[in-house]
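Peer 1: sequence? don't have it. structure:
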């Protein structure tokens, strides 16, 4: 059985210099479309009605972008019955319209996992739009995070790791006699540690490019998409970035540690 290499999803055209992002409708209150690419789970975009919705990205005059993935977290698109599509265009969807993939209805809402859709990257285009069609919806749609861009494939880890490592954050009340009187569970935290010994300059270049451009912000990571396509996590890296040369001064031992809240 063939296994896929771990991948990280952080690079996105959304928010790039000179670009604009516009939602077809936005609910009253603090629900800006800009929140979908801020890498935080504490705010969201919400539509103003149950009609079809479009979020349009314009790279700006003279600029073009490409992408090969779409990822969404914290949404109600399954419950609402939204059909998700992503299109690219060079003329603002007048005559040039490229469908990045066949539009689909997600299997679950975002609280039960991440939606990840990988696709063959089209030619670089100035305009991109996310379409939520199939209205009238069962409820007003919302999304906490929704980004599209170019994925980064790493390499096979050279040390064992547990993709399901979890730690429950809880407070246990214990009596003087040692009996458990109650447990207050706060949340469950994921841990993921990846090691790549004797990594070449290509892999190190990918890791350094991510660190230099994205830093400590959240990102999405999939440890194996071929046989475990639903194991896609929103995580943050450890604050330490140290990947020393080996004795040959040509290769490096790379260690990456990630932490994230279990959905």
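Peer 2: Structure's in. What do you need? Bear in mind that the values here come from a model prediction, so they are computed numbers and not experimental data.
Peer 1: any low-confidence regions in this structure?
Peer 2: Scanning the chain for pLDDT under 70 picks out the ranges 1, 110-113.
Peer 1: mind listing the helices for the stretch 151-263 of the chain?
Peer 2: Ranges of helices within the stretch 151-263 of the chain are 201-214, based on DSSP state H, counting those that start in this stretch.
Peer 1: measure residue 155 to residue 207 for me?
Peer 2: 10 Å (C-beta to C-beta, to the nearest Å). Every residue, glycine included, has its C-beta placed from N, CA and C.
Peer 1: between those two, who's got more neighbours?
Peer 2: residue 207 (20 against 16; other C-beta atoms under 10 Å).
Peer 1: what's the closest non-adjacent residue to the more buried one?
Peer 2: What sits nearest to residue 207 in space, not counting adjacent residues and going by C-beta to C-beta, 6 or more residues apart in numbering, is residue 254, at 6.0 Å.
Peer 1: Could you list which residues are in contact with the one you found?
Peer 2: Applying C-beta atoms under 8 Å, 6 or more residues apart in numbering, we find residue 254 in contact with 195-197, 199, 203-204, 207, 243.
Peer 1: any idea how far residue 150 is from residue 116?
Peer 2: Residue 150 is 14 Å from residue 116, by C-beta to C-beta.
Peer 1: Of these two, which one has the most company?
Peer 2: residue 116 (20 against 15).
Peer 1: Let me see the contact set for that one.
Peer 2: With C-beta under 8 Å, 6+ apart, residue 116 has these contacts: 9, 69-71, 220, 222, 225, 229, 232.
Peer 1: Neighbouring strands - and their directions - for the helix or strand containing it?
Peer 2: Using DSSP states H and E, residue 116 falls within strand 115-118. Strand pairing for strand 115-118, determined by DSSP bridges: strand 69-75 (antiparallel).
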